[in-house]
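Peer 1: sequence and predicted structure, then a few things I'm wondering about:
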Amino acid sequence: MARMQISSETSTWLLQAKAFLDEARRRKPGPERNELRETAKVLRELAKLEAASEQALERDWRQRT
């Protein structure tokens, strides 16, 4: 079974997503709040893609050495 390495630094995308969610929680339900939540969702997806890309690059680098 492959081991997943957990990065010690938090992704910038995730930090931004947290900020958007914090702001959404402060707002009353409505379109602005929904937009902030959707933006956070996209940022979390970007963080996942970035992490997968970094892992693929590291695997590729290890195979070359």
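Peer 2: Looks like it came in fine. Numbering: from 1, shown residues only.
Peer 1: OK, contacts around E23?
Peer 2: L36 (CB atoms under 8 Å, 6 or more residues apart in numbering). All C-beta spots, glycine's among them, are computed from the backbone N, C-alpha and C.
Peer 1: from what I can see R33 touches D22, true?
Peer 2: No - under the contact definition of CB atoms under 8 Å, R33 does not touch D22, with a separation of 11.8 Å.
Peer 1: more neighbours, those two?
Peer 2: Set side by side, R33 and D22 give different neighbour counts by other CB atoms under 10 Å, the larger being at R33 (15 against 11).
Peer 1: separation between the more buried one and L15?
Peer 2: Computed with CB to CB, to the nearest Å, the distance linking R33 and L15 is 20 Å.
Peer 1: do the same with E54
Peer 2: 16 Å.
Peer 1: so the most centrally placed residue in the chain is in which element?
Peer 2: Within the chain, one residue has its C-alpha closest to the average C-alpha position: by CA atoms, centre = their mean, that is A47, at 2.6 Å. Secondary structure here is read from DSSP states H and E; on that basis A47 sits in helix 31-64.
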